[in-house]
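# Turn this into a structure:
(chains A, B and C)
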Amino acid sequence: MSLRISNMLPVSTRGMWIGTFHGICNRLLRLHFKDANLPKSFQILDSNDQISIIKRVIKLNKIDIEKISPKQIQYHINSAKDNGLRSNQIDEVDEFTQHVNKVYRIYQSICDVEGLVDFGELILRTYELFKNNNALREHYQNRFKYLLVDEFQDTNQLQYNWLRLLVSKSNSIFAVGDDDQSIYGFRGARSDNLSDFKRDFNVSNTVKLEQNYRSQGHILEAANALIKNNVNRLGKDLWTSSGQGEQIKVLEAPSESEEANSIVREIKRLESHDHKLEDIAIFYRSNAQSRPLEQALFRAGIAYKVYGGLRFFERQEIKHALAYLRLILNPQDHSSFLRIINFPPRGIGSKSIEKINKISEIKKCSLFEALSFTDLSGKAAASIKAFSALFDKLRVDTEQKSLAFIIETVINDSGLVSHYENDKDGFDRIENLKELINAGAMFEIEEEQALSKDELDPISTESDSGQSNSLFSFLDHASLEAGETQAVDGAKALQLMTVHAAKGLEFQTVFLTGLEEGLFPHENSLADFSGLEEERRLMYVAVTRAKKNLNISFAQSRMIHGQTRWNISSRFLDEIPQKNISRKTDHQLSQSHINHSIKNQIIHGSKKSDHQFSAGKIVEHQKFGMGIILQCEGQGPEARVQINFENHGVKWLILNFAKLTLDASHDKNIN
DNA sequence: ATTAGTGGTGTTTTT
DNA sequence: CACCACTAAT
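Presented below is the predicted three-dimensional model:
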């Protein structure tokens, strides 16, 4: 974003604050940590860190909530914060809320003591800071003459209130948003903020942007037709002056691997017609779907780049390494301490950890300091001494050293590398650890360049004593911008990403994959109407990323959670007008596939089944209607079939009881 | 007392 | 399939 802006503007962008809400709040909190009542070295928690603290709270306080999962509690905490609510502001209306809120309260006190800040807290803290500190608020109201907010439909209630605090008579605000592209409802985004904005900020004139400069006719018509099915929207109709262009190609494949192969063939064809690889993108609904695509691309020797997914900084080996780094910097960091106290295994088990915990409570000191008081006998005592000594040594060895050197020293001396050397699938992990050294070196170079370029803002942090300041900002960077690091060098490669990650981007050619009921729209979103509408907006976002060529595909069968599932095509496909589509129903391919799988059953299956039903056949049930057979089991009176019904989902039925009729037309297809 | 191995469970999207 | 909690083996 920063780059795009500086390329478009005749003036320098130095001095502008450009970033996400989270990024800007982090910057503010770093500058005013004292006023925000935070330790100087506060660390940012990611989703997993948050979960492990919640688990800790549940265990330590023996809260009796067997039925409530840590994830549910996490959701409660995050959505409370997204709405600007502290635990004491929540009505404990029922037992559930009471339990969950208790965890929230204790969780927050742990974070406060240990100097930990989760994503919601970044914004909430800054909000409270502005609210309670008039001088500071006025300073920033004058500092930022113009506030510009992009993707306004993705703001949540707290971010909205945050903006209201920052806007005064001395500055002005400008917002751009598209309610049809609101796809972050699950994390508290309110597209209603768009209409509230008009009211609360006295907007005198609204500009509707309906001319689209990106996509050609067929693509745009499809997008318009799709989104019209949503009831809850402000309403707009996009138009283009760039001609009809090509129809959308729709491909039906027998399996996910066939789908991937067809896409690879098409990409090769495009390449030979002078399409650039970096102008092509493949989208999918969930990260897990990237695998078969990657396999096919790898085999075909096509360079590709996966965005997001298992983020580099979220891998366990990287998190272990970072925990060592954090603990060097901040011995108070209990989460990091617990992560590595016995990793790699060094003979300090749960019992020892419990003792350390007790001592830290009695002596009111950190877990780390408690190590020196813990008197245990024999092996454990020796292990604990060794662990303390390791850290004393690490602190001395890494003082005033380069980031790369610090990281290298830590991953070697901690025993992480040698641990993974003995692990049978530890090779990749060691590669990643080496990559972390590189990332550190790169980060330091970039930081120097940035520093020499802008010595801007009047308020600046006082320089740090002792430990390297760049280690500090590196750790910060690691938790907040986890995904970005790998994305930079996306040159000359095909781009793979989730539809969520694709928002705001555009490509000449887009392959949109996995258009199947249950996947897209995702089955977990179908429970309520608003969920389905959000999925449809997601589809709308995906379609409108394509400039010239859009390819949509789906597979008849797909491995999900280790089981083959037979899906029907997505309802979203049916919502696109036929005139905008050219169907490449690979019928021959699909028939041969089904024949093949039936033959396989006859040859490999120990005995031929004594009924006429088999996987892949279309059947009709008196009550459930049409469906496709997923698998068969058993013989005679015990024979059962699993069927995915068009309108009733997946069910197991006993053949003797279920009156099933084979769909004759489909039967003819097979033979 | 620790660890490795086993069996049961739940699976979207992200700052 | 991947992760966790629990159990058996060291």
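# Smallest distance to DNA strand C belongs to which residue of the stretch 301-450 of chain A?
A:Q316 (7.4 Å; C-beta to the nearest atom of the strand). Every residue, glycine included, has its C-beta placed from N, CA and C.
# Can you name the residues that contact the closest residue to that residue other than its chain neighbours?
Closest residue in space to A:Q316, ignoring its immediate chain neighbours: A:R429 at 7.8 Å, by C-beta to C-beta, 6 or more residues apart in numbering. Each residue near A:R429 by C-beta atoms under 8 Å, 6 or more residues apart in numbering is listed here: A:R315, A:Q316, A:E317, A:Y420, A:D423.
# repeat for A:N261
With C-beta under 8 Å, 6+ apart as the criterion, the residues that contact A:N261 are A:A253, A:A296.
# Let's see the helix or strand containing it as CSV, backbone CA atoms only.
Per DSSP states H and E: A:N261 is located in helix A:256-272. Taking C-alpha atoms only, helix A:256-272 is exported to CSV below (Å, rounded to 0.1, in the frame of the first residue of the first chain):
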residue,chain,number,x,y,z
GLU,A,256,-9.3,-32.5,-7.0
SER,A,257,-6.2,-33.8,-8.6
GLU,A,258,-7.9,-33.8,-12.0
GLU,A,259,-9.0,-30.3,-11.3
ALA,A,260,-5.4,-29.3,-10.5
ASN,A,261,-4.1,-31.0,-13.7
SER,A,262,-6.7,-29.3,-15.9
ILE,A,263,-5.6,-26.0,-14.4
VAL,A,264,-2.0,-26.7,-15.0
ARG,A,265,-2.7,-27.6,-18.7
GLU,A,266,-4.6,-24.3,-19.1
ILE,A,267,-1.8,-22.4,-17.5
LYS,A,268,0.7,-24.0,-19.8
ARG,A,269,-1.5,-23.0,-22.7
LEU,A,270,-1.7,-19.4,-21.5
GLU,A,271,2.1,-19.3,-21.0
SER,A,272,2.6,-20.3,-24.6
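# tell me which residues of that helix are tucked away?
Burial within helix A:256-272, assessed by neighbour count using 16 or more other C-beta atoms under 10 Å, is assigned to A:E256, A:S257, A:E258, A:E259, A:A260, A:N261, A:S262, A:I263, A:V264, A:E266, A:I267, A:L270.
# One more: stretch A:501-513?
For stretch A:501-513, by 16+ other C-beta under 10 Å, it's A:A501, A:A502, A:K503, A:F507, A:T509, A:V510, A:F511, A:L512, A:T513.
# Quick one: find the helix or strand in chain A with the lowest mean pLDDT.
Here the helix or strand of chain A ranked lowest by mean pLDDT, DSSP states H and E is helix A:587-604, holding a mean of 40.
# Return the residues of the stretch 451-600 of chain A in contact with DNA strand C.
By C-beta under 7 Å from any atom of the strand, the residues of the stretch 451-600 of chain A that approach DNA strand C are A:H561, A:G562.
# Where does pLDDT dip in the stretch 451-600 of chain A?
Counting by pLDDT under 70, the stretch 451-600 of chain A has low-confidence residues at A:451-468, A:480-491, A:585-600.
# how about a cut-off of 50?
Applying pLDDT under 50 to the stretch 451-600 of chain A flags the ranges A:455-466, A:484-490, A:587-600.
# Could you check which residue of it lies nearest DNA strand C?
A:G562 (4.0 Å).
# Would you check how far apart that residue and A:A288 are?
Using C-beta to C-beta, to the nearest Å, we find A:G562 at a distance of 11 Å from A:A288.
# what helix or strand does A:T564 sit in?
Element membership of A:T564, judged by DSSP H and E, is strand A:563-566.
# Name the residues that touch that strand?
With contact meaning C-beta under 8 Å, 6+ apart, strand A:563-566 is reached by A:518, A:556-559, A:615-616, A:628-631, A:644, A:650.
# ok so, going back, between the buried residues of helix A:256-272, which sits nearest A:G188?
Nearest to A:G188 among those is A:E256, at 32.6 Å by C-beta to C-beta.
# Might one say that that closest one is in contact with A:A555?
Yes: with contacts counted by C-beta atoms under 8 Å, A:E256 reaches A:A555, the gap being 4.7 Å.
# Now do the residue in the stretch 1-150 of chain A positioned nearest to DNA strand C, the pLDDT please.
When scored by C-beta to the nearest atom of the strand, the stretch 1-150 of chain A has A:K55 as its residue closest to DNA strand C, at 6.1 Å. As predicted, A:K55 sits at a pLDDT of 83.
# what's the burial count for the residue nearest to it when sequence neighbours are not counted?
Using C-beta to C-beta, 6+ apart and skipping residues adjacent in sequence, the residue nearest A:K55 is A:P70, 5.3 Å away. Taking other C-beta atoms under 10 Å as the neighbour definition, A:P70 ends up with a count of 18.
# Who are the contact partners of A:P70?
When contacts are counted by C-beta under 8 Å, 6+ apart, A:P70 is found next to A:I51, A:I54, A:K55, A:I58.
# Where is the longest strand in chain A?
strand A:546-560 (DSSP state E).
# Could I get the buried residue list for that strand?
Neighbour-count burial for strand A:546-560 flags A:546-558, A:560 (criterion: 16+ other C-beta under 10 Å).
# before we move on, what about stretch A:569-587?
Neighbour-count burial for stretch A:569-587 flags A:S569, A:S570, A:R571, A:F572, A:L573, A:I576, A:N580, A:I581, A:D586 (criterion: 16+ other C-beta under 10 Å).
# Adding distance to A:S2 and secondary structure, write these out as JSON lines.
JSON lines is the format used below for the buried residues of stretch A:569-587 (distance: C-beta to C-beta, whole Å; DSSP: H, G, I helix; E, B strand; the rest coil):
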{"residue": "A:S569", "distance to A:S2": "41", "secondary structure": "strand"}
{"residue": "A:S570", "distance to A:S2": "37", "secondary structure": "coil"}
{"residue": "A:R571", "distance to A:S2": "39", "secondary structure": "helix"}
{"residue": "A:F572", "distance to A:S2": "34", "secondary structure": "helix"}
{"residue": "A:L573", "distance to A:S2": "38", "secondary structure": "helix"}
{"residue": "A:I576", "distance to A:S2": "36", "secondary structure": "coil"}
{"residue": "A:N580", "distance to A:S2": "37", "secondary structure": "helix"}
{"residue": "A:I581", "distance to A:S2": "39", "secondary structure": "strand"}
{"residue": "A:D586", "distance to A:S2": "44", "secondary structure": "coil"}
